[in-house]
Structures are given as structure tokens and as C-alpha cells.
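Colleague: sequence plus the predicted model coming up.
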Amino acid sequence: MITRTLEQVARMAEAELSHDKWKDVQIEGVSIDTRSIQQGQLFIPLPGSNVDGHKFVRQAFEKGARATFWKKGVDGAPEDIPLIFVDDPLIAMQQLARSYRDQTGVRIVGVTGSNGKTSTKDMIAEVLSSTFSVQKTKGNFNSQLGLPLSIFELEKDTEVMVLEMGMSDVGQIEILSKIAKPDIAVITNIGESHLEYLGSREKIADAKFEITTGLKNDGAFIYDGDEPLLQQKISSSTFSFQTISFGETDTSDLFPLSIELKDNGTEFTVNTIPQTPLFLPVLGMHNVKNALASIAVGQFMGINEEKMKRALAKVTLTSMRMEAHQGKNDCLIINDAYNASPTSMKAAVSLVDSLEKYHKKVLVLGDMLELGKAEKEFHQEVGSFISNLTIDYVFTYGRLGQFIASAVKEKSEEIKTRAFDDKQDLKESLLPLLDRDTVVLFKASRGMKLEEIVEDIIG
């Protein structure tokens, strides 16, 4: 983790130390939360929705903080503790992270996308770990606050760091890219998430493409070759960095030659290493695409195919992303309830449709959030999509989920469909269906908390 004297911190953050007598004091790590602060850390008081972080400075020192940022102009600056005066605590924090990143010399892989960025981050980190000392973003620490905190956790012996980059508005990915200065930038796809704020997929593509603003000239941009919006950006400009596409067909630089779904994962081959059969212990074509991105990163970094093969075979994804569990009465439970968009929901539903071993296929689907004015139409579109598949039951939960159910009912008499507004009622209706011939998919936006049902039906 970051270990620097206050004199060095002030210089790196382009700030001012309150007194020279503190210049040799050394911090070990950074915290923005007094509830989890550790001995020796630098405390950064950020403005909250209700309370200004400066009010917790004294508490931070009582719990072991060694120094703190203090915004210029804020009254009550204590004189008995080491302060570093800044114009803006967040901007100074980001500047400190940028400087620390430069000093470490670590190679950075930045990952963004509407769907799949966390799973892709996990796969890339696993592939790179076969050859390098690797760290990655913990959980989804991918924001204006989370990414700098991830960088502060860099250890001395780390050679490569895989950083997830999230956003909710235009300009945010650009800030993160300029902090991280990636050697490799990855866009998993362009979906419908954030339509509520950005208004169109074109604007989402623009926002995601900002990841290239900090990309090094001799680096690589690895992107979804199935996405026309990204293809247009590549074809309409000249870049100093290398561009590598991955996708489902041979129009991309990397594409699958074969895919075979198994009970415990997916077997596939890739055109760039056609003689090497690969196994991924997770399900779904969308996860094969995520794996293709990780293979592209590995090849750019010079990792041989046997190491990548062994790495992919032991991939473990962050929780609630296509997790396969044995449920009650030996049914198969697929928990993909961490997040949802129309694109990712269709992908997950298609996976269930393709599982030939199971003769009873059940979908438990909840609201997809942050879709803006067209949210009703997007849910109806998913319902219409489901109506053409070999699905037996559709249970929905939530206000928007009802539009999925109504669209299925309108177009299919064979699929047994019911909309719920109570999780207990849904669970009680689901339990009698569970046996060894049954597969159940749980998919919704995180706010719907469908895992509360999953926890009760895992055997």
C-alpha cells in the first residue's frame, strides 16, 4: 500500500503541509471512512449528503489516523494534528493516486462496459496471474472514489493491476482513465444501463470510449467487435495504440470456433489458438466473450496458451454472477442476480434455453433499473424474447417485472407465467417445482435483492 512522508504526500497531491514539523511523519494507507480506518492511515474528509467529513477528523485520529486532508476555507482546522491543506479533497485524492500510480511503474489494465466488466476483470486477473504478480479491483470499487482507493492498495511487488472503471455520467471514465493511465483498455460491450441518465446507446458508447483518453500510445485497446458503435469509432479515426476486437463471429480478431455447454461450465476453442481446447467453469456465451477479452489481454502480454488454459479452468467470478448451485431436490440454481439490463437478461435466458439436460426451465426475473423513459418497453421486449424460447415457467417480481410477465402471456399460451409482488409468495410457488430435472435462473437488478429467495432454496 502507499507509504509516504507527509512532505511527499503534499507534493504528490499538489497540496500544502500545515507545518514543516510534520514533514517526516509517514502515512501507511488511505481511508475515507472512520468506521474502517486503520492505524497510520491518511484520512480524507469528503463531503457527504448529510454530514461533512471534516466533522470526523478528530474521531479519525482517535482511531489511529496519522494525518488528514483539510479543505482550504473550512473553519475549525485543528493545530495539534498534521494537516494537508487542499483545494478539494476528492480532486487531491485523485491526484495523489495518479502520482502514486506513476511512481510504482505498475502496468494497468482498465476494464469498463455496460455488462460483464466485473466478470471480465476477474478472468483477466486470473489469466495474468499465471505469469505476473497481479492485484485487481476488490468487489466493485470502480468509482471516482473506489478506483483511487484501489490504487492506494498497490503492493511493492505487484507487476500488473486490473482496474474496473464504472460510471453514471459523461466524463467520469475519462477522469478514471487519466488517473490510471492504462497500458491496456477493455470495453466489454455497450448495453442499455445508464439510459436513464445518458439518453441513448450512442452517448453510452461515447462515455465508455473515454477509457482510451489515458491509454498509453504503445498500449492496446481491446473491444467488443460485435458492437457497431465501437466499430464505427475505430474505423473513423487513427490511433497510436493497437486495436484488438473480440466477438461471436469471424469479423472480430478473436472469435470462438466451437462452444459446448456442460453441467459445470463451458468448453470452447478460439481461432488464435485453435488446437487448444479451453474450459471455463461458468456458463453462458456472454462469459465466453468475456474470456475472449481475457485471452486478448494475455496474448498482448505474451502469456503462452497452456498457462491461459490452466488459468481459465480455475476462474472464480465475483458473487452472484452466473453462480451455479445445487438447490433443493437436486435442482440446478443459476444465481445471476447482481445486476441486469435487457442485453444481459436475454443472454442469461438464452443460456437456460440451451440447457438440454433439464426438462423444466424456470425463470425468476425482477425489475431492470436505470433504463429511463423506455423502461416499460424494454421489459416488454424481454418478455417477447422469452415467448419464443423453450421455457416452462416465468415468475416475475416487482413493478417493472409485471411488463415481462404480460408480454409473455400475450405471446405464449404454453409458458406458465405469474407476476408477484411478494417474495414469500413467489418462493412458496417455486418450491413445488424443484427436482433434478429443473433449472431455475434468478436475474434482476441488484436493488431487487433476489438473493433473499436464492438463499432459501439452495439445498
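Modeller: All right, it came through fine. Numbers count the residues shown, from 1 in each chain.
Colleague: and residue 248, how many neighbours?
Modeller: Around residue 248 there are 17 other residues, counting by other CB atoms under 10 Å. All C-beta atoms are positioned from the backbone trio N, CA, C, and that covers glycine.
Colleague: the one 5 residues further on too?
Modeller: Residue 253 is surrounded by 18 other residues when neighbours are defined as other CB under 10 Å.
Colleague: name the surrounding residues that touch stretch 191-199.
Modeller: By CB atoms under 8 Å, 6 or more residues apart in numbering, the residues outside stretch 191-199 that reach it are 113-115, 167-170, 201, 204, 207, 339, 341-344, 370-375, 378.
Colleague: how does it look with 7 Å?
Modeller: Residues from elsewhere that reach stretch 191-199 (CB atoms under 7 Å, 6 or more residues apart in numbering): 114-115, 168-170, 201, 204, 207, 341-344, 370-372, 374, 378.
Colleague: narrow the residues you listed to those that are buried.
Modeller: For those, a burial check counting by 16 or more other CB atoms under 10 Å picks out 114, 115, 201, 204, 207, 341, 342, 343, 344, 370, 371, 378.
Colleague: which secondary element of the chain has the worst mean pLDDT?
Modeller: Lowest mean confidence among the helices and strands of the chain (mean pLDDT, DSSP states H and E): helix 195-198, at a mean of 77.
Colleague: in it, what's buried?
Modeller: 195, 198.
Colleague: one step back: filter the contacts of stretch 191-199 down to the ones in strands?
Modeller: Judged by DSSP state E, the subset of the contacts of stretch 191-199 located in strands is empty.
Colleague: in helices, which of those fall?
Modeller: Using DSSP state H, the members of these that fall in helices are 201, 204, 207, 342, 343, 344, 378.
Colleague: and those, which two are the farthest apart?
Modeller: Among those, the pair separated by the greatest distance (CB to CB) is 207 and 378, at 19.0 Å.
Colleague: can you tell me the closest non-neighbouring residue to residue 261?
Modeller: residue 354 (5.9 Å; CB to CB, 6 or more residues apart in numbering).
Colleague: so what's the residue count around the closest residue to residue 187 other than its chain neighbours?
Modeller: Of all residues not flanking residue 187 in the chain, residue 223 sits nearest, at 4.6 Å (CB to CB, 6+ apart). Look at residue 223: counted by other CB under 10 Å, it has 31 neighbours.
Colleague: next one: residue 246
Modeller: Residues near residue 246, counting by other CB under 10 Å, number 27.
Colleague: next one: phi and psi at it?
Modeller: Taking degrees, to the nearest 10, you get phi -130, psi 150 for the backbone angles of residue 246.
Colleague: low-confidence stretches in the stretch 301-450 of the chain?
Modeller: 320 (pLDDT under 70).
Colleague: what about the helices in it?
Modeller: With DSSP state H, counting those that start in this stretch, the ranges of helices along the stretch 301-450 of the chain come out as 305-313, 342-354, 375-386, 401-411, 423-430.
Colleague: got the buried residues for the second one?
Modeller: What that stands for is helix 342-354. Applying 16+ other CB under 10 Å to helix 342-354 flags 342, 343, 344, 345, 346, 347, 348, 349, 351, 352, 353 as buried.
Colleague: got it, and stretch 325-343?
Modeller: For stretch 325-343, burial by neighbour count (16+ other CB under 10 Å) applies to 327, 331-343.
Colleague: closest one of those residues to residue 29?
Modeller: Checking those one by one against residue 29 (CB to CB), the nearest turns out to be residue 338, at 28.0 Å.
Colleague: ok, which stretches of the stretch 51-200 of the chain are strands?
Modeller: Along the stretch 51-200 of the chain, counting by DSSP state E, counting those that start in this stretch, strands occupy 67-71, 83-86, 107-112, 134-136, 160-164, 184-187.
Colleague: could I get those strands as JSON lines with distance to residue 51?
Modeller: Output for those, formatted as JSON lines (distance: least, CB to CB, whole Å):
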{"stretch": "strand 67-71", "distance to residue 51": "14"}
{"stretch": "strand 83-86", "distance to residue 51": "19"}
{"stretch": "strand 107-112", "distance to residue 51": "31"}
{"stretch": "strand 134-136", "distance to residue 51": "32"}
{"stretch": "strand 160-164", "distance to residue 51": "28"}
{"stretch": "strand 184-187", "distance to residue 51": "37"}
